[in-house]
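# Return atomic coordinates for the entry below.
(one chain, ligands or ions: 1)
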Amino acid sequence: NAAEKGGYEHFMLKEMYEQPKAVRDTLEPRLSNGKVVIEELGMTDEEIRSINNIHIVACGSASYTGMCAKYIFEEMARIPAFVDVASEFRYRNPILRKGDLVIIISQSGETADSLAALREAKEKGAMTLAIVNVVGSSIAREADKVIYTWAGPEIAVATTKAFSTQLMAEYLLAIKFAEVRGTVSEEEVDDMIQDLKRLPDQIQMLLANRNHIQKFANRYIAARDVFFIGRGLDYALSMEGALKLKEISYIHAEAYAAGELKHGTISLVEDGTLVVAVLTQEALFKKTISNIQEVKSRGAFAMAVTVEGNTEIEKTADYVIYIPETNKYFTSSLALIPLQLFAYYVAVARGCDVDKPKNLAKSVTVE
Ligand code: G6P
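The predicted structure is shown next:
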């Protein structure tokens, strides 16, 4: 009912607006005296140093935050990381060795495949760590260690605030691992913590931009296909952008690694096709800009989500959304917001049941 939605039209919108608080609540208990302290991790420095591989296992959106984490664990902490969807991991007889850490990510903590993957990992002797939102859920109870995301109850089927808080748990873990393993300097850690603390206000600012995005979204209510492209972390986030749009608006959307586009999907780009490019990684700007040029020359309309200062993009993209400055590892949590708002407003304009999309369940507890 209306009261439960706190004046918002949908739970999804309400939950998007709860993100600054959810992110703050997830970060704050783990930041103390300028350090990352994850008490519930209960791992000694020696154990952290002896991690050989990280396997990240999850379903749906949670697996996309896992993709983000993969890039960060590898680049920041120099630990090889692999991502599997749980329904694949559990049936492929995964090779797990001593020193392998399996991270299961789940909002509900009850997803059947993720739970089965956790049991498989335990059976094979891996250390298991769950990033879970629902306290006392099956995955939280069975994993060796649990880091809770403090997003609070999420009602809308399409996840928003749980996704944001999963990113925070991953950022904290990566910093902790990197610090112990000596792959970042103390100064870099200080800077990252300062940037983490700024995220809630920055998310708030991006949410305040909703009217612009709504206007833009209204132009795409009749779209047939939308493509999301990016490289590295931005590719991982593109997958979430595409999933959000298809889940709630029923418009076909696909995410592509920007450099892979010309090996397939570009044949589907026609006059007026919307291509959403995410470019937050400075080292890859030029590469992705040339991909935008490729689709534009086939008639695409290009929307870009990029960082403040990358005004160069205006020469190529038709519509640009800037996110405020942050550490290169944390941009996903900001670029996410316009993608959520876009999907939401397209779905609203199409008259879709945003909170309860057809055929989808909030938590899939059967195989
Ligand atoms: C369902 C939901 C998705 C969610 C996935 C994993 O398919 O519709 O939004 O990402 O399950 O759920 P979990 O609770 O494990 O994060």
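# Tell me the secondary structure at residue 101.
Following DSSP: H, G, I helix; E, B strand; the rest coil, the label given to residue 101 is strand.
# thinking it is in contact with residue 57, fair?
No - checked against C-beta atoms under 8 Å, the pair residue 101 and residue 57 is beyond contact range at 11.1 Å. The C-beta positions use only the backbone N, C-alpha and C, and glycine is treated the same way.
# more neighbours, those two?
Neighbours per residue (other C-beta atoms under 10 Å) separate residue 101 from residue 57, with residue 57 holding more: 30 against 27.
# Next one: that one, what pLDDT does it get?
Looking at residue 57, its pLDDT is 98.
# Need the three-state assignment for it.
strand.
# Quick check, it in contact with residue 111.
No - Residue 57 lies out of contact with residue 111 (C-beta under 8 Å); the separation is 10.4 Å.
# Please identify every residue contacting each of these two.
Residues touching both residue 57 and residue 111 by C-beta atoms under 8 Å, 6 or more residues apart in numbering: residue 86.
# how close does residue 220 sit to residue 274?
As judged by C-beta to C-beta, to the nearest Å, residue 220 and residue 274 stand 6 Å apart.
# Give me the more crowded residue out of these two.
Comparing residue 220 with residue 274 by other C-beta under 10 Å, the one with more neighbours is residue 274, at 26 against 21.
# Who are the contact partners of that one?
220, 223, 226-227, 300-301, 303.
# mind listing which of the residues you listed are in strands?
Judged by DSSP state E, strands contain the following of the contacts of residue 274: 226-227, 301, 303.
# ok, these vs residue 358, which is closest?
residue 226 (18.9 Å; C-beta to C-beta).
# For the closest one, list each beta-bridge partner.
residue 253, residue 274 (DSSP bridges).
# ok, now which ones touch residue 322?
306-308, 310.
# top of these by neighbour count?
residue 306 (27 neighbours).
# Give me the secondary structure label for the closest residue to the ligand within the stretch 201-350 of the chain.
Closest contact between the stretch 201-350 of the chain and the ligand, by C-beta to the nearest ligand atom, is at residue 247 (7.0 Å). Of the three states, residue 247 takes helix under three-state DSSP.
# give the contact list for the residue in the chain that the ligand sits nearest to.
When scored by C-beta to the nearest ligand atom, the chain has residue 60 as its residue closest to the ligand, at 2.7 Å. Counting by C-beta under 8 Å, 6+ apart, residue 60 touches 159, 243.
# Perfect, that will be all.
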